[in-house]
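J.: can't give you the sequence, but here's the structure:
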């Protein structure tokens, strides 16, 4: 029996596919001897890329898929029609049990739709949330949900809180993770209708460590480990995190180049500054899992380079070994 | 007739009241000869503070108010009960026409509630939005709404877009300001129910320059001048802007202090860096107007120092001179 964790990787998805995807896959296979990667995409193209590397051919195999889903295709239609696309072929490998997990840097919409309709939800899970890790002042927090299904109901948010807690505890290793709901104030009576209805439900959950509301200001300070919100709000938080980080760093660079004195200073600071800012770069923390599916689906950033691809692949090992889906299944069924 | 713009200032509100509020008021009165400030609060306390300064006593007068509304009081109850609080007394000055505008660094909730219930809405305005200016890579954008009234309707958002356009054009001086709605993608079919319903209404407005959806990632890049959203989302954006900016700057400082080489570099960079980061500090841009009221109400940041107080006061002059409320009244009534 194959004891390796088997991960299907979308060789064709993302801005830097197939080059960086193939490179990251080879790096993952060379770093970890307990994984097997099924590289899914156009065989001839992948073969050409693989020529550049040495790797264990038993643990890195190509699965051909002639088609590609692009970012500007309507996801539902694309998943339905492009049966031979890398995303659909790879998702079917997870569905059939030939792969434990799937990693893609391709169309977020197609990955979300495919996850729900091909891989399928764990029984009892109402909605699978997309949950990226956000860098904070003292580590990372899980932002759940940033997916495509907006206008959530309170019961969805409660399940997000539970699944997020399991993930943070067993994959990221935070004991008794603090769960908070995004709100516009910290008092219990504050919030929109969704938050007001969800708050008492979370308060009554015995299996999570609910600490109340979190204002967006406190997110970068790491004031909670699991940050629960509806997908529209989550999407705004995630994208503003990326956008504002990038804008500030670019402002700083301009500032450092503005005088001769500051230019000299910049040369001296550069290594230390680079290291610091790296710890606040969301892409450093691998991909975002789509939780609550019959198998693991991980979406990595569209502009992922080999290092992020490698991290996302390796992340799947802990997830599988820790039997996260078993834990989710048991937790949700208890309700 | 008094041709000065008359501004009531809450001497008791904010973390640095009354010291920094009184100081900022004196600075405003000394800088601009076309304003008169009514400093509202405990007369004895204000008098004590004023002893430290020279100013034109004709244009800076005290209006006594014995009570203070604190941040942890329920706003509606506080406004109703504390008739002699600085906020209620000052709002009544605006209502009666004795003041053109009101500036407070005090309880946001109380200012919003008082604005609606004491000063009152312009006829036709369904909901008065709180609209702070956000710093961007190339200037500022107006974020509308960040107020306390969540779960808005599409017609509210359309009015926000119109009022925001008038403000940006005539107060900030951006010709034909670009209006966008916060969304999770740029395609017209994306979004939650509210955005999907609002989008076509905005598209059909002839009196605004609607450019479509804006993703949160693009906000710091200044991709739109007027950023329309529901208050819950606006609050998240505003607070994350503040929190993430602060966290990144603190990370950078730690990074700069991490090695001897970087410490020397930091000394050389400091002046240039400080100047750059200042331009990205939301508090530099005065207060946030509460638009659509029968008079101007400006909420400045709770931790405002004298410079922000001064800027917020001076901001009222342009607003009043440009007859923004007349323009809003005409625009809304046209519908």
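T.: Arrived safely. This one's a predicted model, so the numbers in the text were calculated from it and none came from an experiment. Residues are numbered from 1 along each chain as shown, chains lettered A, B, ... in the order given.
J.: residue ranges for the strands of the stretch 51-200 of chain A, please.
T.: A:60-64, A:101-104, A:133-136, A:139-144, A:178-182 (DSSP state E, counting those that start in this stretch).
J.: same deal with the stretch 201-335 of chain A?
T.: Using DSSP E, counting those that start in this stretch, strands in the stretch 201-335 of chain A cover A:209-214, A:226-228, A:288-290, A:296-299.
J.: before we move on, back to that, save the strands of the stretch 51-200 of chain A as CSV, and put in mean neighbour count and distance to chain B too.
T.: (Each C-beta comes from the backbone N, C-alpha and C, glycine too.) Below are those laid out as CSV (neighbours: other CB atoms under 10 Å in any protein chain shown; distance: least, CB to the nearest CB, whole Å):
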stretch, mean neighbour count, distance to chain B
strand A:60-64, 18, 30
strand A:101-104, 32, 18
strand A:133-136, 22, 7
strand A:139-144, 24, 11
strand A:178-182, 25, 7
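J.: Residue B:100 is nearest to which of the strands of the stretch 201-335 of chain A?
T.: The closest of the strands of the stretch 201-335 of chain A to residue B:100 is strand A:209-214. By CB to CB, the value is 37.0 Å.
J.: and that closest one, what does it pack onto?
T.: Applying 3 or more CB pairs under 8 Å, 6 or more residues apart in numbering or on different chains; DSSP states H and E, we find strand A:209-214 packed against strand A:178-182, helix A:193-203.
J.: One more pass at 6 Å, please.
T.: Judged by 3 or more CB pairs under 6 Å, 6 or more residues apart in numbering or on different chains; DSSP states H and E, strand A:209-214 is in contact with strand A:178-182.
J.: Give the pairing partners of the strand it packs on; include direction for each.
T.: Within its sheet, strand A:178-182 is paired with strand A:209-214 (parallel), strand A:226-228 (parallel), according to DSSP bridges.
J.: what angle sits between the longest one and strand A:139-144?
T.: Between the axis of strand A:209-214 and that of strand A:139-144 there is an angle of 80 degrees, by axes from the mean of the first three to the mean of the last three CA atoms, to 10 degrees.
J.: was I right about residue A:120 contacting residue A:294?
T.: Yes. Applying CB atoms under 6 Å as the test, residue A:120 and residue A:294 come out as touching, 5.0 Å apart.
J.: so what pLDDT did the closest residue to residue A:135 other than its chain neighbours get?
T.: Leaving aside its sequence neighbours, residue A:135 sits nearest to residue A:280 (CB to CB, 6 or more residues apart in numbering or on different chains; 4.8 Å). The model reports residue A:280 with a pLDDT of 73.
J.: Quick check: phi and psi on residue A:280?
T.: Per-residue torsions, residue A:280: phi -110, psi 20 (degrees, to the nearest 10).
J.: can you pull the contacts of the spatially most central residue of chain A?
T.: The residue lying closest to the centre of chain A (CA atoms, centre = their mean) is residue A:288, at 0.4 Å. Residues in contact with residue A:288, defined by CB atoms under 6 Å, 6 or more residues apart in numbering or on different chains, are A:130, A:131, A:132, A:299.
J.: switch to 10 Å and redo it
T.: A:108, A:111, A:129-133, A:142-144, A:146-147, A:238, A:282, A:297-301, A:312, A:315 (CB atoms under 10 Å, 6 or more residues apart in numbering or on different chains).
J.: on that earlier part again, let me have the strands of the stretch 51-200 of chain A in TSV, extended by distance to residue B:188 and mean pLDDT.
T.: Converted to TSV, the strands of the stretch 51-200 of chain A look like this (distance: least, CB to CB, whole Å; pLDDT from 0 to 100):
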stretch	distance to residue B:188	mean pLDDT
strand A:60-64	36	97
strand A:101-104	26	97
strand A:133-136	29	92
strand A:139-144	26	95
strand A:178-182	27	98
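J.: May I see the buried residues of the helix-or-strand element of chain A with minimal mean pLDDT?
T.: Least confident helix or strand of chain A, by mean pLDDT, DSSP states H and E, is helix A:260-278 with a mean of 80. Residues of helix A:260-278 classed as buried: A:262, A:265, A:266, A:268, A:269, A:272, A:273, A:276, A:277 (neighbour count, 16 or more other CB atoms under 10 Å in any protein chain shown).
J.: again with stretch A:275-295
T.: Buried, per 16+ other CB under 10 Å, within stretch A:275-295: A:276-277, A:279-280, A:282-283, A:285-295.
J.: and the residue lying closest to residue A:84 once chain neighbours are set aside, how many residues sit next to it?
T.: Leaving out its chain neighbours, the residue that sits closest to residue A:84 by CB to CB, 6+ apart is residue A:67, at 4.5 Å. Neighbourhood size, residue A:67 [other CB atoms under 10 Å in any protein chain shown]: 17.
J.: Relative to chain B, how far out is residue A:67?
T.: 22 Å (CB to the nearest CB, to the nearest Å).
J.: which residues does residue A:128 contact?
T.: A:112, A:115-116, A:119-122, A:145, A:147, A:149, A:156, A:159-160, A:163, A:289-294, A:297.
J.: just how off-centre is stretch A:306-315 within its chain?
T.: Its chain's C-alpha centre and that of stretch A:306-315 lie 11 Å apart, by CA atoms, centre = their mean, to the nearest Å.
J.: Over to stretch A:34-47?
T.: For stretch A:34-47, the distance to the chain centre is 21 Å (CA atoms, centre = their mean).
J.: what's the average pLDDT for it?
T.: 97.
J.: So what would you say the end-to-end distance of it is?
T.: Taking CA to CA, to the nearest Å, stretch A:34-47 runs 23 Å from one end to the other.
J.: Which residue is it, in the stretch 1-150 of chain A, that comes closest to chain B?
T.: Of all residues in the stretch 1-150 of chain A, the one sitting closest to chain B is residue A:150 (4.1 Å; CB to the nearest CB).
J.: low-scoring stretches of chain A, by residue?
T.: Chain A contains residues with pLDDT under 70 at A:1-2, A:282-284, A:334-335.
J.: got the domain boundaries for it?
T.: Here the domain parsing of chain A from automatic domain parsing is A:5-125+A:292-321, A:133-278.
J.: Tell me which of those domains lies nearest to residue B:87.
T.: Comparing the domains of chain A under CB to CB, the one sitting nearest is domain A:133-278, at 18.3 Å.
J.: Need the distance between the two termini of that closest one.
T.: From start residue to end residue, domain A:133-278 stretches across 14 Å - CA to CA.
J.: show me the contacts for the residue nearest to residue A:172 when sequence neighbours are not counted.
T.: Closest residue to residue A:172 apart from its sequence neighbours, by CB to CB, 6+ apart: residue A:140 at 6.7 Å. Counting by CB under 10 Å, 6+ apart, residue A:140 touches A:132, A:133, A:134, A:168, A:172, A:174, A:222, A:225, A:279, A:282, A:284, A:285.
J.: re earlier: and the least confident helix or strand of chain A with helix B:260-278, angle?
T.: 90 degrees.
J.: other SSEs contacting helix A:260-278?
T.: helix A:231-256, helix B:231-256, helix B:260-278 (3 or more CB pairs under 10 Å, 6 or more residues apart in numbering or on different chains; DSSP states H and E).
J.: now the angle between helix B:231-256 and that helix, please.
T.: Using the same axes, to 10 degrees: helix A:260-278 against helix B:231-256 is 110 degrees.
J.: Distance from the chain centre to helix A:260-278, please.
T.: 31 Å.
J.: With stretch A:310-324 instead?
T.: Using CA atoms, centre = their mean, the offset of stretch A:310-324 from its chain centre is 12 Å.
J.: Same question for that stretch: list its buried residues.
T.: Applying 16+ other CB under 10 Å to stretch A:310-324 flags A:310, A:311, A:312, A:313, A:314, A:315, A:316, A:317, A:319, A:320, A:322, A:324 as buried.
J.: nearest to residue B:253, of these?
T.: Nearest to residue B:253 among the buried residues of stretch A:310-324, with distances taken as CB to CB, is residue A:311, at 27.8 Å.
J.: Correct me if wrong: the closest one contacts residue A:304.
T.: Yes. Using CB atoms under 10 Å, residue A:311 is in contact with residue A:304, at 9.0 Å.
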